[in-house]
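[1] okay, sequence plus prediction incoming.
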Amino acid sequence: MEYMRSIKKRNILFRSIVVFSISLVVFIVSIIIPQTSAHEEKTFKQTEEFRALEQFITTETYEIQQGDTLLAIFQIQVGISYGDVLLLIEKINEVFDITKIKQGNVVTITLVDGVFDYLSYDINSKEELIISKQDLEYIVERKDIIFEIKESVVEGDVGSSFYTSGIEVGLTDRMIMELATVFAWDVDFTSSLQKGDEFSLVFQNKYREGKFAGTGDLLAGRFVNDGQEFFTYLVKDKEGNNKYYNEDGDATERLLLKTPINYKRISSGFSLNRKHPILGTFKNHKAIDFAADTGTPVETVGDGEVVFAGWSDTYGNYIKIEHGQGFVTAYAHLSKMYVSPGSRVKQGSLIGAVGTTGRSTGPHLHYEMYKNGSLVNPLTTKTPAGKSINEALKSDLLEIVSRYKAQL
């Protein structure tokens, strides 16, 4: 009997424990499940909101066609009313002449819920026009384009041509021309290059929103021509202008370029005893004759003033330019002349075209250089360098040389 009462007590205790455990589990679950559901519901709602936001934001691009105007683009492509467009055009003209939009350029338009929000147009390679809508007002700004800049180092040897060799090692047309330009005062890229000449450079690659957007500045360069080594380094002056110097601080730029023309060959060099092709007599030929097709552009080798531009019985159409520091250059047998006496010219500017006027047996440029009144050989005469680096920028140059010379 006592045994049965003991069993009954144990059963009651066990049932009590089971009931309590079940109650505790139910209580915990009743707390956790609503919170989880609420969190899941909140997360679901947020996700739906982001999805809805993405659905209503669209970006469109429009390529400007011939005859397009911003007035029409705003009305047709953007959907702004005629009255608002007229007010907007007035604001734009304060920072950018809208008549200078270019065919082929792209306008990027952002719409929110089908309504205009943002427009961008590249004015040039460095600046963009930004138009945004804030509340009910249009904001017009002209801003610098933001690029991600990465430095690249490239080196190569000249093979069949400098241009082809540059392309083969991955240079763009622009960077090939940039390198040739900064060394043009020391190297004649038309005739003096030799197979095996070396070049190396450090330059910038620009990226915009992760996409390649062209090359930037040439930061440093090295060129070896016929065993002679040349270096150049970029230093920006106080106004932000690019200036190139060698390690000693002498400007890479010189008073005069090596040659005024892209020619096929030198048909007659500088000589003190040359047989004249027309007269048949022997006489001095203190000039360089560059064979080239009629119409080939002729550029001035330096800044200066045109002191003669007209007809000469011997030279045909003839231009003479005074450059200062005792240097004068002359260009003869031209088919066309684009300058007049008294005009100022900048180094590299177009002054005429190759021809065969005057005493000439075929199209070529007869090119002369005077130093202090005497004719000298243009290909061997070293002209004065530009201004040496400003004392305040010497420390910048030393730092730049230290950074880039090892890479060249």
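    That came through fine. Numbers count the residues shown, from 1 in each chain.

[2] next one: stretch 161-168 to chain centre, how far?
    19 Å (Cα atoms, centre = their mean, to the nearest Å).

[3] domains in this protein, as residue ranges please.
    58-144, 148-254, 265-376 (automatic domain parsing).

[4] can you redo the ones you listed as CSV with mean neighbour count?
    Every residue, glycine included, has its C-beta placed from N, CA and C. Formatted as CSV, the domains of the chain follow (neighbours: other Cβ atoms under 10 Å):
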stretch, mean neighbour count
domain 58-144, 14
domain 148-254, 16
domain 265-376, 17
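
[5] which of those domains sits closest to Y404?
    domain 148-254 (3.8 Å; Cβ to Cβ).

[6] closest to S395 out of the domains of the chain?
    Put simply, out of the domains of the chain the one that sits nearest S395 is domain 148-254, at 10.4 Å, with distance taken as Cβ to Cβ.

[7] quick check: mean pLDDT across that closest one?
    Rounded to a whole number, the mean pLDDT of domain 148-254 is 89.

[8] ok, stretch 367-374 next?
    Stretch 367-374 comes out at a mean pLDDT of 93.

[9] and if you look at stretch 380-397?
    In the prediction, stretch 380-397 has an average pLDDT of 87.

[10] stretch 59-67 too?
    Averaging pLDDT along stretch 59-67 yields 85.

[11] need the strands for the stretch 151-300 of the chain, in chain order.
    Listed in chain order, the strands of the stretch 151-300 of the chain (DSSP state E, counting those that start in this stretch) span 198-208, 211-225, 228-236, 242-245, 265-268, 271-275, 282-285, 288-291, 297-299.

[12] can you lay out these as CSV showing distance to T356?
    What follows is these, written out as CSV (distance: least, Cβ to Cβ, whole Å):
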stretch, distance to T356
strand 198-208, 36
strand 211-225, 32
strand 228-236, 35
strand 242-245, 37
strand 265-268, 12
strand 271-275, 18
strand 282-285, 17
strand 288-291, 11
strand 297-299, 13
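
[13] among the ones you listed, which is nearest Y367?
    The closest of the strands of the stretch 151-300 of the chain to Y367 is strand 288-291. By Cβ to Cβ, the value is 5.0 Å.

[14] neighbouring strands - and their directions - for that closest one?
    According to DSSP bridges, strand 288-291 has the following sheet partners: strand 265-268 (antiparallel), strand 364-371 (antiparallel).

[15] just the C-alphas of that strand, formatted as CSV.
    Extracted in CSV, the C-alpha atoms of strand 288-291 (Å, rounded to 0.1, in the frame of the first residue of the first chain):
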residue,chain,number,x,y,z
ILE,A,288,68.5,72.0,-96.5
ASP,A,289,66.1,70.9,-99.3
PHE,A,290,63.3,68.6,-98.0
ALA,A,291,61.6,66.5,-100.7
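
[16] what about that strand, distance to the chain center?
    Chain-centre distance of strand 288-291: 33 Å, with Cα atoms, centre = their mean.

[17] can you tell me the average pLDDT over it?
    Taken as a whole, strand 288-291 carries a mean pLDDT of 84.

[18] hang on, the earlier thing: of all the strands of the stretch 151-300 of the chain, which one is nearest D313?
    Distances from D313 to each of these were compared using Cβ to Cβ; the minimum, 16.3 Å, belongs to strand 282-285.

[19] so for that closest one, mean pLDDT?
    The average pLDDT within strand 282-285 is 47.

[20] hmm, back to that, distance to R403 added to the domains of the chain, as TSV?
    Output for the domains of the chain, formatted as TSV (distance: least, Cβ to Cβ, whole Å):
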stretch	distance to R403
domain 58-144	24
domain 148-254	8
domain 265-376	29
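
[21] closest to S388 out of those domains?
    domain 148-254 (5.2 Å).

[22] beta partners for S374?
    Judged by DSSP bridges, the bridge partners of S374 are K371.

[23] distance check, it against V328.
    Between S374 and V328 the distance is 10 Å, computed by Cβ to Cβ, to the nearest Å.

[24] and what of P363?
    24 Å.

[25] with A184 instead?
    20 Å.

[26] go on, I400?
    Separation of I400 from V328 (Cβ to Cβ) stands at 36 Å.

[27] what's stretch 311-324 in contact with?
    255-256, 300-310, 328-337, 339, 345, 351-352, 355-360, 366 (Cβ atoms under 8 Å, 6 or more residues apart in numbering).

[28] that should have said stretch 238-249, apologies.
    Residues from elsewhere that reach stretch 238-249, judged by Cβ under 8 Å, 6+ apart: 182, 217, 230-237, 251-253, 388-389, 394, 397, 401, 405.

[29] now it: how far from the chain's centre is it?
    Relative to the mean C-alpha coordinate of its chain, stretch 238-249 is positioned 18 Å out (Cα atoms, centre = their mean).
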